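sequence first, predicted coordinates after that:
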Amino acid sequence: MKKILLCASFFIGFTSFAQETTSQLSLNFLIPSVEYETAISKNSTIDLNVGFGFAYHDSSFLDEAEYGIYPGFEAQYRHYYNLKKRLEKGKKISENSGNYIALSASASSGDPIIGDMRLNNDYSGFVGPVWGFQRVYKSNFKLNLNLGLGMGFSDRQDPYLAANIGLQLGFKLGKEK
């Protein structure tokens, strides 16, 4: 119990030195999910996303394309690298509006909720670097795009090279501080 309290105290203390940008909760509607991003240093955040993911596969022109929407979880360590430049140009950097590089990890179930893409595994995932940009507008509308190439994995397949494309459209909850 003491270790849990010590770890929680350390985490709370560490995040109190967070960047000028804010921690934020948002709802994404393109493919429904809930996302929480919190600052851990001046230019870095941890982003957690629980919801659904979309997968598409087109093996050849002879087969029909398959798709699926799967429940999943994604975590990213983001480093925002262009905040100073955006400020100099008079652009918004609050609410984590900026470009970033990140280490991304995601996992999803093997059976789709919607779609015909049946996988022969119980879970699948991705780990790798991504580049992205995020903008939060005055109306609290949020746009986030990230692209990456990394390692895909599942319980029944050897690791493989996989692309990661993430597009989120939604709204940040709450007001800017």
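Nice, thanks for sending it over.

wasn't residue 95 part of a helix?
Yes: the assignment for residue 95 by DSSP: H, G, I helix; E, B strand; the rest coil puts it in a helix.

that one: what's its closest spatial neighbour, skipping adjacent residues?
Once flanking residues are discounted, residue 95 sits nearest to residue 136: 3.9 Å by CB to CB, 6 or more residues apart in numbering. No exception for glycine: its C-beta is placed from N, CA and C like everyone else's.

quick one: contacts for the one you found?
24, 92, 94, 95, 96, 97, 142, 172 (CB atoms under 8 Å, 6 or more residues apart in numbering).

ok, residue 173 next?
So residue 173 contacts 24, 25, 26, 27, 140 (CB under 8 Å, 6+ apart).

what ranges of this protein fall below the confidence cut-off?
Across the chain, the ranges flagged by pLDDT under 70 are 1-21, 59-62, 176-177.

longest single strand anywhere in it?
Counting residues, the longest strand in the chain under DSSP state E turns out to be strand 157-173.

alpha carbons of that strand, as PDB, please.
Only the C-alpha atoms of strand 157-173 are listed here, as PDB (Å, rounded to 0.1, in the frame of the first residue of the first chain):
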ATOM      1  CA  GLN A 157       1.500 -14.200 -36.000                       C
ATOM      2  CA  ASP A 158       5.100 -13.300 -36.000                       C
ATOM      3  CA  PRO A 159       5.800  -9.500 -35.700                       C
ATOM      4  CA  TYR A 160       5.400  -7.700 -39.000                       C
ATOM      5  CA  LEU A 161       5.900  -4.200 -40.500                       C
ATOM      6  CA  ALA A 162       2.700  -2.200 -40.100                       C
ATOM      7  CA  ALA A 163       1.500   1.300 -41.000                       C
ATOM      8  CA  ASN A 164      -0.400   3.400 -38.500                       C
ATOM      9  CA  ILE A 165      -2.700   6.100 -39.600                       C
ATOM     10  CA  GLY A 166      -4.800   7.900 -37.000                       C
ATOM     11  CA  LEU A 167      -7.400  10.600 -37.700                       C
ATOM     12  CA  GLN A 168      -9.500  12.000 -34.900                       C
ATOM     13  CA  LEU A 169     -12.200  14.600 -35.200                       C
ATOM     14  CA  GLY A 170     -14.000  15.600 -32.000                       C
ATOM     15  CA  PHE A 171     -14.400  18.100 -29.200                       C
ATOM     16  CA  LYS A 172     -12.400  19.000 -26.200                       C
ATOM     17  CA  LEU A 173     -14.500  19.100 -23.100                       C
END
